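**Student:** structure of the sequence below:
(one chain, ligands or ions: 1)
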Amino acid sequence: MRKKIVAGNWKMNLTYSEGLSLAEEVCKILNEKGIQDLEVLPEVLFFPPYLHLSQVVSICKEQEGVSAGAQNCHTEAKGAYTGEISAPMIKSTGATHVLVGHSERRAYFSEDDQMLAGKVKAALENDLTPVFCCGEKLPEREKEIHFEVVSSQVENALFWLDNNSFNKVVIAYEPVWAIGTGVTASPEQAQEMHAFIRKLIKEKYGEETAENTTILYGGSCNPKNAQSLFSQKDVDGGLIGGASLKAMDFIGIIKSF
Ligand code: PEP
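**Tutor:** Presented below is the predicted three-dimensional model:
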């Protein structure tokens, strides 16, 4: 079922106590300020660093509609992979989601489509919802090959799934040139790419699956521009980096439907 989601990717920011305070503050505001009466209240997700995860999960348990996930996972369930974290470990904290293929993982940790397909598999096998990130770099948009880039990312990492498994995936379109730059895709650019992704899904899995797939936008989304992005037909919410680190900014985005 297609959902509205606002997800905060904290990246490698916030100490343990700062992270817990942020999660507590967001949950408190969600409770207190009549936000529960909004016409559209999206599902809220936190993606804190691994270290913070189990405690953030505990905080989320107190607040309906809020849950937490990890920013990454390994393809293997266990073994000699010093410094890595597996999907079963993430699941054991009570987390429900995992980001797969964030552009920073692709760029700095050489994650390719084949590895990302393995991470999607690991997530699904452990009953975690993969939030699969895709998006083109600036030179790729300038060369006007952004549709090809995104279609190959989505097809290679996801289109081997059967229909039932694909239905459990959330997609986040995040143009790399918009991440952390202050340059946001225009609502028209976001809608164009989201509609394109939905069309790919329809061709592969049929109309019902395409209509039920949640596709988030990410890239310098903030309380000022969120409403124009989220009002687009095929934009179901946002994956938020910088603006998820301040409770009031994140709440502003949550209220933008
Ligand atoms: C992100 O990292 O997923 C992201 C969208 O970052 P920002 O909102 O800071 O551009």
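
**Student:** and the residue nearest to V57 when sequence neighbours are not counted, how many neighbours does it have?
**Tutor:** Distances taken as Cβ to Cβ, 6 or more residues apart in numbering put G94 closest to V57, at 4.1 Å, once the chain neighbours are dropped. Heads up, the C-betas are built off the backbone N, CA and C, glycines and all. Using other Cβ atoms under 10 Å, the number of residues around G94 comes to 15.

**Student:** quickly note the distance from G94 to the ligand.
**Tutor:** Taking Cβ to the nearest ligand atom, to the nearest Å as the measure, G94 falls 23 Å from the ligand.

**Student:** same question for S220.
**Tutor:** 4 Å.

**Student:** can you classify that residue by secondary structure?
**Tutor:** On the three-state scheme (DSSP: H, G, I helix; E, B strand; the rest coil), S220 is labelled coil.

**Student:** residue contacts, it?
**Tutor:** The contact partners of S220, taken as Cβ atoms under 8 Å, 6 or more residues apart in numbering, are A178, I179, G180, T181, G182, V183, T184, G242.

**Student:** pLDDT at the residue in the stretch 151-257 of the chain positioned nearest to the ligand, what is it?
**Tutor:** Nearest residue of the stretch 151-257 of the chain to the ligand (Cβ to the nearest ligand atom) works out as G241 at 2.1 Å. Note for G241: predicted pLDDT of 98.

**Student:** now do K33
**Tutor:** pLDDT, K33: 67.

**Student:** can you list the low-confidence ranges for this protein?
**Tutor:** Counting by pLDDT under 70, the low-confidence segments of the chain come to 33.

**Student:** now do the helices in it.
**Tutor:** Taking DSSP state H, the helices of the chain run over residues 16-32, 50-61, 87-92, 103-108, 113-125, 138-142, 146-158, 163-166, 187-205, 207-212, 226-230, 247-254.

**Student:** need the ones you listed in a markdown table with distance to A80, can you?
**Tutor:** As requested, the helices of the chain are exported to a markdown table (distance: least, Cβ to Cβ, whole Å):
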| stretch | distance to A80 |
| --- | --- |
| helix 16-32 | 27 |
| helix 50-61 | 18 |
| helix 87-92 | 15 |
| helix 103-108 | 21 |
| helix 113-125 | 17 |
| helix 138-142 | 36 |
| helix 146-158 | 25 |
| helix 163-166 | 28 |
| helix 187-205 | 37 |
| helix 207-212 | 38 |
| helix 226-230 | 43 |
| helix 247-254 | 38 |
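
**Student:** so for P42, which of those sits nearest?
**Tutor:** Between P42 and these, the shortest separation by Cβ to Cβ is 6.2 Å, and it involves helix 247-254.

**Student:** hmm, back to that, now the helices of the chain in a markdown table, with distance to the ligand?
**Tutor:** Rendered in a markdown table, the data for the helices of the chain read as follows (distance: least, Cβ to the nearest ligand atom, whole Å):
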| stretch | distance to the ligand |
| --- | --- |
| helix 16-32 | 15 |
| helix 50-61 | 16 |
| helix 87-92 | 18 |
| helix 103-108 | 7 |
| helix 113-125 | 15 |
| helix 138-142 | 14 |
| helix 146-158 | 15 |
| helix 163-166 | 22 |
| helix 187-205 | 12 |
| helix 207-212 | 23 |
| helix 226-230 | 11 |
| helix 247-254 | 10 |
